[in-house]
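Engineer: Quick one: sequence plus predicted model below, questions after.
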Amino acid sequence: MDVALGIIYVIIGIVTIVLVLLHSGRGGGLSDMFGGGLGAAAAGSTSMERNLDRMTILFSLIFAFLTVILAFVLDT
């Protein structure tokens, strides 16, 4: 059980890092490669940017939840 949680934890962590890196910063980011740059500059936030935000929040919450679970599991 500990090993499975550890593997899931690492996978969720890597996905979270990739999602954060896809966000555009001040000068644009990796999300510009996928069409997020032009629409965001012209009309505010595109649906792709909103979905990217939602996915990042979701995976961050899952990562935080797994951190607490692993702290309790590995403590015993």
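Structural biologist: Right, received. Where do you want to start?
Engineer: make it CA atoms for all contacts and neighbour counts henceforth
Structural biologist: Noted.
Engineer: Test for you: state the pLDDT assigned to Ala43.
Structural biologist: Looking at Ala43, its pLDDT reads 51.
Engineer: for Met48, same thing?
Structural biologist: Met48 is assigned 86 on the pLDDT scale.
Engineer: Phe63: neighbour count?
Structural biologist: Here the number of neighbours of Phe63 (other CA atoms under 10 Å) works out to 21.
Engineer: Quick check: it touching Ile14?
Structural biologist: No - if you go by CA atoms under 8 Å, Phe63 and Ile14 don't touch, sitting 10.0 Å apart.
Engineer: What is the burial count for Glu49?
Structural biologist: Applying other CA under 10 Å, we find 20 residues neighbouring Glu49.
Engineer: and it, what element?
Structural biologist: For Glu49, the host element (DSSP states H and E) is helix 47-75.
Engineer: what packs against that helix?
Structural biologist: Contacts defined by 3 or more CA pairs under 8 Å, 6 or more residues apart in numbering; DSSP states H and E place helix 47-75 against helix 2-22, helix 36-43.
Engineer: Check which residues of that helix are buried.
Structural biologist: Using 16 or more other CA atoms under 10 Å as the test for burial, helix 47-75 gives 49, 52, 55-56, 59-60, 63, 66.
Engineer: Turn the helices and strands packed on helix 47-75 into CSV, columns for mean neighbour count and distance to Phe72.
Structural biologist: Putting the helices and strands packed on helix 47-75 into CSV (neighbours: other CA atoms under 10 Å; distance: least, CA to CA, whole Å) gives the following:
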stretch, mean neighbour count, distance to Phe72
helix 2-22, 15, 11
helix 36-43, 14, 40
